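S.K.: turn this into a model:
(2 chains)
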Protein chains: 2
Amino acid sequence: MAVDIRPAAVQKVKKDAAEHDHVLKTFRLLISDLCQQYNGGHPGGAIGMAAIGIALWKYVMRYAPHNPDYFNRDRFVLSNGHTCLFQYSFLHLTGYKAMTFEQLKSYHSDRVDALCPGHPEIEHEGIEVTTGPLGQGIANAVGLAIATKNLQAHFNKPGYNVVSNHTWCMIGDACLQEGVGLEAISLAGHLRLDNLTVIYDNNQITCDGSVDLTSSEDVNAKMRACGWNVIDVEDGCYDIAGIVAALEEARSPNAKQPTFINVRTVIGIGSAVEGTAAAHGAAFGHANVAAMKTAYGFNPEEHFVIGDRVRAFFEELPTRGENLIKEWKELLAQYNAEYPDLGAELASRIKGELLADWNKLIPESFPDKPTATRAASGMVINPIAKEVKNFMVGTADLSPSVNMIWPGKVDFQHPDLRTTCGINGNYSGRYLHYGVREHAMCAISNGIAAYSPGTFIPITSTFFMFYLYAAPAVRMGALQHLQVIHAATHDSIGMGEDGPTHQPIELAALYRAMPNILYIRPGDSEETAGAWITAINAKNTPTIISTSRQALPQLRQTSRDKVAYGAYVLEEAENASVTLLGVGAELSFAVDVAAQLNEKHGIIARVVSFPCQRLFEKQSLEYKRETLKRGSIPAVIIEPYAPQGWERYANAGICLSRFGHSLPGKAAYKYFGYDIGVMTEKIFKYLAQLKEEEILLHEFSEL
Amino acid sequence: MAVDIRPAAVQKVKKDAAEHDHVLKTFRLLISDLCQQYNGGHPGGAIGMAAIGIALWKYVMRYAPHNPDYFNRDRFVLSNGHTCLFQYSFLHLTGYKAMTFEQLKSYHSDRVDALCPGHPEIEHEGIEVTTGPLGQGIANAVGLAIATKNLQAHFNKPGYNVVSNHTWCMIGDACLQEGVGLEAISLAGHLRLDNLTVIYDNNQITCDGSVDLTSSEDVNAKMRACGWNVIDVEDGCYDIAGIVAALEEARSPNAKQPTFINVRTVIGIGSAVEGTAAAHGAAFGHANVAAMKTAYGFNPEEHFVIGDRVRAFFEELPTRGENLIKEWKELLAQYNAEYPDLGAELASRIKGELLADWNKLIPESFPDKPTATRAASGMVINPIAKEVKNFMVGTADLSPSVNMIWPGKVDFQHPDLRTTCGINGNYSGRYLHYGVREHAMCAISNGIAAYSPGTFIPITSTFFMFYLYAAPAVRMGALQHLQVIHAATHDSIGMGEDGPTHQPIELAALYRAMPNILYIRPGDSEETAGAWITAINAKNTPTIISTSRQALPQLRQTSRDKVAYGAYVLEEAENASVTLLGVGAELSFAVDVAAQLNEKHGIIARVVSFPCQRLFEKQSLEYKRETLKRGSIPAVIIEPYAPQGWERYANAGICLSRFGHSLPGKAAYKYFGYDIGVMTEKIFKYLAQLKEEEILLHEFSEL
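M.R.: Next up is the predicted model:
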């Protein structure tokens, strides 16, 4: 394999060679001190990766410490997030302003506004994504690389590489064991993302000890089988020139695939516990740190020493960053002159704007016939996704079921695939076949969303039940305030004969409890429009739009606008003696039961449509009381899900506290008592028992 | 690679060759009819795999249709569970009694007691595990193979292979894309499970179309890199002899690794949609099925035809099965004579019995000093796990944190690893290093538990937060009523500085809502003993024991026995004006707040310890009312988790409806207001507001 080292980088590394040893030692002692200070943290990995960090931040990565959000910056992801001191220390050394020396020293302290949490967090300067749960970062990096590719295919023109950033991702042994990492690796190889480089801190140590305990793989062969270019670096602790050469080769136009750089390192090198699991997750101990300092020729009495030589070594970087921005802006100015429309569009995307009037693309009304909300979902979003280039729509191999294809959609694929497989795809495509990889789909979507706020709004799609596979990534999106929209179809037992493995019973309880995410179950086409409008307006919050497989009746009183309230009165009634809470695929059941209660028993029921608990919680107390009227009459929720969470809004529920059953949808409803007559009698009996005080209002009753 | 076909198998295949074409056609038409009948289902895969099925059920697998639970039977797992008709049809043809022709024809019908659900279910004769969510089955198969290896290492003696079954697993393209499958594949290769064969139905079609859309891997190279033996079969639709040869090679003593048989098939072969995604998940249509029949020389007017030739082809199988059992029983009788102790032990394991008096191994009391419940957990279970061979304990690379190691524990590893890595392991070991593979850990544990009821009780361990990674497998364990115990440490924000990515806020809501699982948060060492006793007694239910990282005080009033009630009165008080619900790591907060409410404000509070909602729900109404006294006084829950679910038991909560924060544990508690003084004032104010009716009792208040 031809190594293409850019002369500039080579000269630079060689010229500085005399400084490297001192910088490495300083860095390693700094990490040791930072962990020792509060007697905790993860020193070993950061110390072992020191030379990699110097190669990246000093020689290879293109970024601007004084303008951390420079749009065309290289993205760096620390997938092995527990080694966060590695990143924090380089942010400090290279001149990120927020990362002061004081801040750096706050690692593991009680300081509540610290910028050095136990894992990197996206809110902080210079951090692209929050990592920590292993394997997520590598999938995020794949998403970042996809975002670049898509922008390049759409915006770049000959002579105008206005988008040219590379994505660098550090991983440890664990990211190669976690399923989500393996899914993402496989997809990245398929997509031939040559703008992605994964740097493997191959120290062969995990918490339990040697990786030999749990893995006997030929990692390089596995990566090659997945379509990756593989480069080995034997001495990852000291050979900065070798690392730089490998990184530059990975970024060179010769690379036609994503690159995996297998860098042999020694965890905690130079410490008394080097090369062992003991170096991983605990401070080395005062005596050991002192001994390290003595061995390195440093004063064992001094702590946190960053000498002038080290400061001088890094001091050029802010200026280099500003120059990069200047060059990019000049290029952009010429581009804007030559391609004014594209230039304006790019500027808009950079600002995170959507096409004005996107919401006018939504149908004003829907056919007045039974329609599955998964079908309504397509009617709402497909015209928008077609026109609004921010949307990157994906599916975990359920295209025929989730209805997210717009006429003329083009797949996001390597352009050569068209030739070999006749697929209508290239990198400007915005429909992403993720394969049966739900977890990676959502983690990659987080990366696409994290590229720059609003530049992309990723959409994922699969059956609702399989958002349990993806839950760790959905959570990371919520935690990071990333706008990702999850189109979850086949919700509730109404999805039918695929049976209990596919019927979500308890999953809504998770997403209703998860902070900063909207779980919306629209009841018909109109509410589906409302769900999408809410999701697209939720700039800092992911949304799950949970739709039915089966056709649902159109209800006259539903309102797209009122979905934003979370719950609203669908049928008001004076002198009502009960409120029925209806939601999603079963909303019409509540309406029908209310009618039958009146008809059969003369009982007047109000009906509230309740598509989203989280949105309702945001409403005023007055609105909540008006809607629920809980002080005066009981409320009953009808939903074939576990009742947990509904107890706040209802006194009783026709819910499910057991797993589902494999039956066609209608038969499944009937089997579990979701029959209008059966439900009517249950509620009638409940109200009678309440009157007789056989049942107490404050004790939630499962009917 | 030397092919070792047993002469008997070869002769048999050759002798029958004239029948194969007719049997294949009959099978394919049967599947087509079964899907056509209700115009649904998944015909294509089952049809494409017909020859594989004949190879397995007629020639290779060792099983007994009339004694489906024969202990030493080969295990068959259909990881691509949507092709369930494949398995159901072979169960019928080979003579499983429950699978009558009528039952077979109930596929996708409204029949509520059908044995042909949309995916195979463990409750039914001849089904080893419930599959459907893709990738789970392959991990289950790894677990089944581990169970066999462990029993063999412990029980088999020269000349006495009393346990000798093989595990066969069918997979489709999706199982090779799902992360959980990839994790399990990697571990199986590491463990060199030569008793496991994965048969890849390589039809290159998924729902979205060609696998080329989403994968460009060299699958065989990837499997080899993972330590698998790979065999190709080119004509998987017709070459029964080739498939049998491959299967026999996989089972032969020459195989030193797990074997991956890459069988090229054509989805829906013989139908009008053969080789396309249209064959995957929909019936072919009446006209197309009729055309298939005509082409095959069958009468297009006849349906569900299984002729005498086909019946005759399979009729020997029940007898062959009974002979297998007879031979095994004879072997066992000799073994019992020569090794009476082992014989008795094996008999006991087969019955699923534990060592008598296992509960006497639990300490009668615990040191009266602050102890993390994760440490107490080790004190309780390690002496049991050491002595009781049913326990197979695993960890996802958190051995130093989860405290599940007993003195002298031996790892479950290939014995040769000892030589190369100095690891104290062999197949009789019962401590399993799963690597950083939480999802596979739990799915594999399901397989170990499914081997035979009670023969193994698998234990998994990692941080509680990472049971979100494993949630789909934990769910499958609950759905299948498998006794798997999950030792989840580092629960609540008390785990500290690892930050919001590691602090579970909403996860308890999932597991409290999930049917048939116990989520138990013990409050001190005594309750930890109770949690383990409950979990070990729960023969048909998985349990999550959720413990603290940090030391907790020992509370005098806690009771191991009362944990089984789910909640119990810790501190009763006459004239109390509030009940405080305490749980887990924060139970002592409730006790301290009660004391301070009295001291500072003269308010008398009762305290209820509430380790498990699900267990409490099983108690009588009288017990519940006595414990909570909700009719008379308000209840306040103290738990730094999302409140969802607590509204049933409490009127107010000091809970968390946002993500956590990276701070040392004590500082994290303080930051979120879990300070005794702050909580005392919140509750005091709440009670005052209730009195003034500024707040209503029935409106759950987040304090």
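S.K.: ok, and the closest non-adjacent residue to the residue in the stretch 151-300 of chain A positioned nearest to chain B?
M.R.: Nearest to chain B in the stretch 151-300 of chain A, going by CB to the nearest CB, is A:Gly179, at a distance of 2.0 Å. Using the backbone N, CA and C atoms, a C-beta is placed for each residue, glycine as well. Using CB to CB, 6 or more residues apart in numbering or on different chains and skipping residues adjacent in sequence, the residue nearest A:Gly179 is B:Gly179, 2.0 Å away.
S.K.: just the pLDDT at that neighbour, thanks.
M.R.: With respect to pLDDT, B:Gly179 scores 98.
S.K.: which ones are touching the closest residue in space to A:Ala174 that isn't next to it in sequence?
M.R.: Taking CB to CB, 6+ apart, and ignoring the residues beside it in sequence, A:Ala174 has B:Val436 as its nearest neighbour in space, at 3.8 Å. Counting by CB atoms under 8 Å, 6 or more residues apart in numbering or on different chains, B:Val436 makes contact with A:Leu134, A:Gly135, A:Asp173, A:Ala174, A:Gln177, A:Glu178, A:Thr206, A:Thr214, B:Ala396, B:Asp397.
S.K.: what kind of secondary structure is B:Val436 in?
M.R.: coil (DSSP: H, G, I helix; E, B strand; the rest coil).
S.K.: please report how far it lies from B:Phe466.
M.R.: Distance, B:Val436 to B:Phe466, using CB to CB, to the nearest Å: 9 Å.
S.K.: before we move on, what about A:Trp57?
M.R.: In terms of CB to CB, A:Trp57 sits 31 Å off from B:Phe466.
S.K.: neighbour count winner among those two?
M.R.: Between A:Trp57 and B:Phe466, counting by other CB atoms under 10 Å in any protein chain shown, B:Phe466 is the more crowded of the two (27 against 20).
S.K.: follow-up on the earlier one: ok, the residue of the stretch 151-300 of chain A closest to chain B - contacts?
M.R.: A:135, A:439, B:135, B:178-183, B:437, B:439-440, B:469.
S.K.: contacts for the least confident helix or strand in chain A by mean pLDDT next, please.
M.R.: Sorting the helices and strands of chain A by mean pLDDT, DSSP states H and E puts helix A:416-421 at the bottom, at a mean of 78. The contact list for helix A:416-421 (CB under 8 Å, 6+ apart) reads A:Arg192, A:Ile423, A:Asn424, A:Gly425, A:Asn426, B:Ser210, B:Asp212, B:Leu213.
S.K.: check for me that A:Ala375 belongs to a helix.
M.R.: Yes - counting by three-state DSSP, A:Ala375 is part of a helix.
S.K.: find the nearest non-adjacent residue to it, please.
M.R.: Per CB to CB, 6+ apart, closest to A:Ala375 is A:Asn403, 5.6 Å.
S.K.: quick check: the residue of the stretch 351-500 of chain A nearest chain B.
M.R.: Closest point on the stretch 351-500 of chain A to chain B, by CB to the nearest CB, is A:Gly435, at 3.3 Å.
S.K.: which residues are in contact with that residue?
M.R.: A:Glu183, A:Ser186, A:Leu187, A:His190, A:Ala396, A:Asp397, B:Ala174, B:Gln177, B:Thr206, B:Leu213, B:Thr214, B:Ser215.
S.K.: okay, it: pLDDT?
M.R.: At A:Gly435, pLDDT is 97.
S.K.: what do you get for A:Thr206?
M.R.: pLDDT at A:Thr206 comes out at 86.
S.K.: how many neighbouring residues does it have?
M.R.: 26.
S.K.: what's the answer for A:Gln557, then?
M.R.: Count around A:Gln557 with other CB under 10 Å applied: 15.
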